[in-house]
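> here's my sequence, what's the structure:
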Amino acid sequence: MLKTWCMEARIGAPDPDPDPDPIPGLPPRARIYNTTGQPQALPLDCESRVAVDWAGFFGYHINELQFFNRLPTSDNPDAGFVGNVYGVWGQIPPYPYGVHAEPVAALLRDYGVPAYAHRPLRWDDLKAEIAAGRPVYVWTIGAASSNEIPIYYTSKDGHRSIVAHYEHVVIVVGYTESEVIIMDGGTIKTRGIQQFLGSWSALGNMAILTHP
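Numbers count the residues shown, from 1 in each chain. Now for the predicted structure:
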């Protein structure tokens, strides 16, 4: 196993709107109100809980535990769930960790949900989804409340991925000129834009949308 610090990571808080080619006509604020969710059932199955909450918004009803049990497992988070779901949060592979966007999106598609992994997703593209009435499933550090230095991790199959301590997932449901509105475990929370962008960037601005 090889672990090295990811030196090209931006450690400080990024600019609130880093996109070099902003999308014209985006409203300064947008909010989706009819989202619902629940706290996760297992210590480390946040990706499954958010997946079924996100799918539920679009009319697909999936059982959280059934979804988790259908996820592939691996020591590579880009291929499957890493570690014991009853493990301690905050670790990195090969210890109990979680799973990244691609396996989650693939399983959602198996359930008939249009779901596609994006990495990186631009901030303006995320805002465009919200303005269009589509919540966005994103990977952050904590509940988009902190940042961590990304770490390069090499799994047994030789795949190198970027991981970070306290990997977590939330659903973005709104934004204003200064804040991002998220749903975490069914609870609505707000984060400053710089705080959100710094947390989201740790794992490469990873997200799931309803289209490629």
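
> which other residues reach the longest strand seen in the chain?
Identified as the longest strand of the chain according to DSSP state E is strand 167-175. By Cβ atoms under 8 Å, 6 or more residues apart in numbering, the surrounding residues in contact with strand 167-175 are 29-33, 35, 37, 46-47, 50, 53-54, 92, 97-98, 126-127, 130, 135-144, 180-184, 188, 193, 203. In short, each C-beta sits where N, CA and C put it, glycine included.

> so where do the helices sit in this protein?
Ranges of helices within the chain are 46-57, 64-70, 101-110, 123-131, 193-201, based on DSSP state H.

> returning to what we had before: in strands only, show me the contacts of strand 167-175.
30-31, 136-141, 180-184, 188.

> before we move on, back to that, from the chain's centroid, how far away is the longest strand of the chain?
Remark: strand 167-175 is offset 7 Å from the chain centroid, using Cα atoms, centre = their mean, to the nearest Å.

> what residues sit buried inside it?
With burial defined by 16 or more other Cβ atoms under 10 Å, the residues of strand 167-175 counted as buried are 167-175.

> what's the angle between that strand and helix 101-110?
70 degrees (axes from the mean of the first three to the mean of the last three Cα atoms, to 10 degrees).

> the inter-axis angle of strand 167-175 versus helix 46-57?
Using the same axes, to 10 degrees: strand 167-175 against helix 46-57 is 30 degrees.

> just the CA trace of strand 167-175, in PDB.
Only the C-alpha atoms of strand 167-175 are listed here, as PDB (Å, rounded to 0.1, in the frame of the first residue of the first chain):
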ATOM      1  CA  GLU A 167     -15.300  11.400   4.000                       C
ATOM      2  CA  HIS A 168     -19.100  12.000   4.000                       C
ATOM      3  CA  VAL A 169     -22.000  12.700   1.600                       C
ATOM      4  CA  VAL A 170     -24.800  15.200   1.600                       C
ATOM      5  CA  ILE A 171     -27.500  16.500  -0.800                       C
ATOM      6  CA  VAL A 172     -27.200  20.100  -2.000                       C
ATOM      7  CA  VAL A 173     -30.700  21.700  -2.100                       C
ATOM      8  CA  GLY A 174     -30.000  25.400  -2.500                       C
ATOM      9  CA  TYR A 175     -27.700  28.300  -2.700                       C
END
